[in-house]
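K.L.:
Need the 3D shape of this:
(one chain, ligands or ions: 2)
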Amino acid sequence: MTLSNSDSPIVANTAFSSLSLKTELLENLKTMGYESMTQIQAQSLPPILAGDDVIGQGKTGSGKTAAFGLGLLNKLDVKRFRIQTLVMCPTRELADQVAKEIRTLARGIHNIKVLTLCGGVPMGPQVGSLEHGAHIIVGTPGRIIDHLDRNRLDLSNVNMLVLDEADRMLEMGFQDHIDAIIEQTPRERQTLLFSATFPDQIKSIADEIMYKPVMVKVESTH
Ligand code: ADP
Ligand code: MG
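P.N.:
Numbers count the residues shown, from 1 in each chain. Ligands and ions are numbered 1, 2, ... in the order given. Below is the predicted model:
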């Protein structure tokens, strides 16, 4: 492989096929036109697929969604219709984008059910959808807490927790909600944290909720 400019650090093998991903995921990546990994994907996916906790720091546009999306979909036991993955995002717009990308990555794989739980939409339909069940929840902390408080959400089977745009969630004052939500998930889980910046508040949260996290930091977007 040829290497270009200096802001593109060397990656030994950037083909998704070098990873031990489910065949369907590799096929969907091809259909999506994702040929090679971005830097953050190349550096974070090996530890994510190995089951490690990972902190990924990278700018907007670096491809963080597919990094954790592939990780959580590869881990998912599709035959077990329980909430196994919880992704928290700062806003409804971001949660919708993440859910959309996960659904695209998951296309054709045994009816994987991704449910978004965000504020700003009526509770009724969400409650109905929750009763029907899901494999993956993508939501904002406030609305997730609302459902937990009303005993409508069972997080006891979660084995993968993702905090996306963690710095923004903290800026928005979600720390208490996030702590309370994580308390409802099993301790034996894999935790991924993605953020554009890494202030002290995130370091201390990571110390609390993660086990020996692998740190991945990428400067460029490609
Ligand atoms: P971030 O969350 O880091 O801001 P996104 O996950 O939203 O970045 O990805 C940014 C854009 O890059 C999206 O349009 C996504 O579809 C595209 N993208 C992500 N990974 C790849 C890849 N490996 N190959 C091609 N495009 C990609
Ligand atoms: Mg993102």
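
K.L.:
Show me what the mean pLDDT comes to for the strand or helix carrying D179.
P.N.:
Using DSSP states H and E, D179 sits within helix 175-183. Mean pLDDT, helix 175-183: 97.

K.L.:
Which positions in that helix come out as buried?
P.N.:
Buried residues in helix 175-183, counted by 16 or more other C-beta atoms under 10 Å: 175, 177-178, 181-182. The C-beta positions use only the backbone N, C-alpha and C, and glycine is treated the same way.

K.L.:
do the same with stretch 97-105
P.N.:
98-99, 101-102, 105.

K.L.:
For ligand 1, state which of those is nearest.
P.N.:
Ligand 1 lies nearest to E101 out of those, by C-beta to the nearest ligand atom, at 6.6 Å.

K.L.:
where does this structure have low pLDDT?
P.N.:
Along the chain, segments meeting pLDDT under 70 span 1-13, 220-222.

K.L.:
centre of the chain versus the lengthiest helix in the chain, how much separation?
P.N.:
The residue-count maximum for a helix in the chain (DSSP state H) belongs to helix 92-105. Mean-position distance between helix 92-105 and its chain equals 10 Å (C-alpha atoms, centre = their mean, to the nearest Å).

K.L.:
And the contacts of the helix holding D179?
P.N.:
86, 88, 141-142, 144-145, 148, 155, 161, 163, 169, 201, 205, 208-209 (C-beta atoms under 8 Å, 6 or more residues apart in numbering).

K.L.:
Could you pull up the contacting residues of the closest residue to L105 other than its chain neighbours?
P.N.:
With sequence-adjacent residues excluded and distances taken as C-beta to C-beta, 6 or more residues apart in numbering, L105 is closest to G69, at 5.1 Å. Listed by C-beta under 8 Å, 6+ apart, the contact set of G69 reads 98, 101-102, 105.

K.L.:
Ligand 1 contacts on this structure?
P.N.:
Selection of the chain residues close to ligand 1 by C-beta under 6 Å from any ligand atom yields 34, 37-38, 41, 58, 60-66.

K.L.:
Show me the contact partners of the helix or strand encompassing M215.
P.N.:
Using DSSP H and E, M215 sits in strand 214-218. With contacts defined as C-beta under 8 Å, 6+ apart, strand 214-218 is touched by 38-40, 43-44, 47, 52-59, 62, 198.

K.L.:
Can you tell me which of the residues you listed are buried?
P.N.:
Buried members of those, scored by 16+ other C-beta under 10 Å, are 38-40, 43-44, 47, 52-58, 62, 198.

K.L.:
Return the member of the residues you listed nearest to ligand 1.
P.N.:
S62 (4.1 Å).

K.L.:
What segments of this structure are strands?
P.N.:
54-58, 85-88, 114-117, 136-139, 160-163, 190-195, 214-218 (DSSP state E).
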